[in-house]
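>>> Have a look at this fold, sequence not included:
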């Protein structure tokens, strides 16, 4: 919160050398790319400053199945930052910065930072990503080995933004459902890890749906998709004080629009040791699928903005609910979590587990306050330091 930023800022400065943290209210200004767009047609390592001023053209396009590494680069775009339309692509993006630019056309939306269709290997680590539609992965063509999987780790996201452009600014009513990280029909994949990412969304300056969304996504019974040790703060409608229709939140462990298709439903996910703060509608949830668990997580939300305004879409900290009435919804559990969540009317609403499995137990409650919300970020920085990790580019 702004009223406590001086203490947080000092803490960041003390340990920034070790963990690469940044003051979420005062990021470094984006660099000005000097190169035009690029289409990569052969494997290799690429470094550059690429920019697209055309919303219909990506700043970087991957048009090869050979291994491509993008490192130490700056990418700005009015549309997609890095587009991966080629099935079987092998892409690593590391130590780079990605920025979305207002498209400048009324009704147009900011683009994804990475839009990947059926890659065979995708590694995204130590990047800074601001005002984009996040990372989207549709299906997967790899074999799930250690060299053909998905790793999204140690990135710093700021203000995932689905608001439509008004030309000079952004709409408060027209919103596209973007996520910081979304898997869409990524099936039966081993060795997947989404870990140690920092995601911060500010009210009135962002519009994210689910910060992390597993939509019809699944690991394997022997090797679940692991989502762990992420710090997520903020998920709001464009007008959090007056908008009552917001449906997003923190980590959606299992989601589907199908309901009756067991083969395509989400399954085999393990979600643990995450900190989810002030994501309003919900913190961590399972709405579809089977064999999904979340444990040893923390969800904290006081329900108030930094100026004391009440957030209208406050709902629940954690839930397990068979939203689609799936006949196969089973073995979905939550244990050893901590939640402190002010729900509608400011009343505690920490958990709702109407369709949870038998392993759901030992979930505890705390009293949520803005001070406790702020303490979560300090705990996150300490956690990074203890593990000698940092987020974003070095």
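Sure thing, it's come through. Owing to the predicted nature of the structure, the values given are computational and were not obtained by experimental measurement.
>>> For residue 303, the count of nearby residues, please.
Per other CB atoms under 10 Å, the neighbour tally for residue 303 reads 24. C-beta here means a position set from N, CA and C on the backbone, and glycine is covered the same way.
>>> Name the nearest residue to it, sequence neighbours excluded.
Nearest residue to residue 303 in three dimensions, chain neighbours excluded: residue 342, at 3.8 Å (CB to CB, 6 or more residues apart in numbering).
>>> What of residue 172?
Leaving out its chain neighbours, the residue that sits closest to residue 172 by CB to CB, 6+ apart is residue 238, at 4.3 Å.
>>> what about the residue located most distally from the centre of the chain, distance to residue 63?
Among the C-alpha atoms of the chain, the one most distant from their mean position (CA atoms, centre = their mean) is that of residue 42, at 29.9 Å. Residue 42 sits 9 Å away from residue 63, going by CB to CB, to the nearest Å.
>>> so where does residue 123 fall, helix or strand?
Assigned by DSSP states H and E, residue 123 falls within strand 121-125.
>>> same question for that strand, mean pLDDT?
Strand 121-125 shows a mean pLDDT of 98.
>>> Okay, helices next: where are they in the stretch 1-150 of the chain?
Assigned by DSSP state H, counting those that start in this stretch, the stretch 1-150 of the chain shows helices spanning 5-19.
>>> would you list every one of the strands in it?
38-40, 44-46, 49-52, 60-62, 67-71, 74-77, 82-84, 90-94, 97-100, 114-117, 121-125, 128-130, 135-138, 150-153 (DSSP state E, counting those that start in this stretch).
>>> that older thread, what about the residue lying closest to the residue farthest from the centre of the chain once chain neighbours are set aside, neighbour count?
Leaving aside its sequence neighbours, residue 42 sits nearest to residue 64 (CB to CB, 6+ apart; 5.6 Å). Counted with other CB under 10 Å, the neighbours of residue 64 add up to 17.
>>> got the contact list for the residue nearest to residue 172?
163, 170-173, 175, 204, 207 (CB atoms under 8 Å, 6 or more residues apart in numbering).
>>> can you redo those as CSV with pLDDT and secondary structure?
CSV is the format used below for these (pLDDT from 0 to 100; DSSP: H, G, I helix; E, B strand; the rest coil):
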residue, pLDDT, secondary structure
163, 97, strand
170, 97, strand
171, 96, strand
172, 93, strand
173, 93, strand
175, 96, strand
204, 97, coil
207, 97, strand
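>>> Out of those residues, who's the most crowded?
residue 207 (32 neighbours).
>>> Contact partners for it?
With CB under 8 Å, 6+ apart, residue 207 has these contacts: 160-163, 175, 178, 236-238.
>>> Which residues does it form beta bridges with?
When bridges are called by DSSP bridges, residue 207 pairs up with residue 161.
>>> And it, how far from residue 276?
Look at residue 207 and residue 276: by CB to CB, they are 18 Å apart.
>>> ok, now residue 208?
According to CB to CB, residue 208 and residue 276 sit 13 Å apart.
>>> ranges for the helices of the stretch 251-394 of the chain?
For the stretch 251-394 of the chain, applying DSSP H, counting those that start in this stretch gives helices covering 370-386.
>>> so can I have CSV of the contacts of residue 238 showing distance to residue 386?
Shown next, in CSV, are the contacts of residue 238 (distance: CB to CB, whole Å):
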residue, distance to residue 386
163, 37
170, 38
171, 42
172, 41
173, 44
175, 38
204, 34
207, 34
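>>> Nearest to residue 219, out of the strands of the stretch 1-150 of the chain?
Among the strands of the stretch 1-150 of the chain, strand 150-153 comes nearest to residue 219, with 10.6 Å by CB to CB.
>>> Sheet-wise, list the partners of that closest one with their directions.
Strands that pair with strand 150-153, judged by DSSP bridges, come out as strand 121-125 (parallel), strand 193-195 (parallel).
>>> Please state the offset of it from the chain centre?
Distance of strand 150-153 from the chain centroid (CA atoms, centre = their mean, to the nearest Å) equals 12 Å.
>>> Just checking, which helix or strand succeeds that strand along the chain?
Next in line after strand 150-153, if elements are assigned by DSSP H and E, sits strand 156-158.
>>> C-terminal to that next one, what's the next element?
Later in the chain than strand 156-158, the nearest helix or strand by DSSP H and E is strand 163-165.
>>> Mind giving me the packing neighbours of that following strand?
Under the contact criterion of 3 or more CB pairs under 8 Å, 6 or more residues apart in numbering; DSSP states H and E, strand 163-165 touches strand 170-175.
>>> Now the element after the strand it packs on, going C-ward?
By DSSP H and E, the next helix or strand past strand 170-175 is strand 181-184.
>>> just checking, what packs against that next one?
Judged by 3+ CB pairs under 8 Å, 6+ apart, the packing partners of strand 181-184 are strand 135-138, strand 210-215.
>>> and those, which is most packed in?
Across the helices and strands packed on strand 181-184, the average number of neighbours (mean count of other CB atoms under 10 Å) peaks for strand 210-215, which reaches a mean of 27.
>>> circling back: of the contacts of residue 207, just say which sits nearest to residue 328.
Distance to residue 328, by CB to CB, is smallest for residue 178 among the contacts of residue 207, at 29.3 Å.
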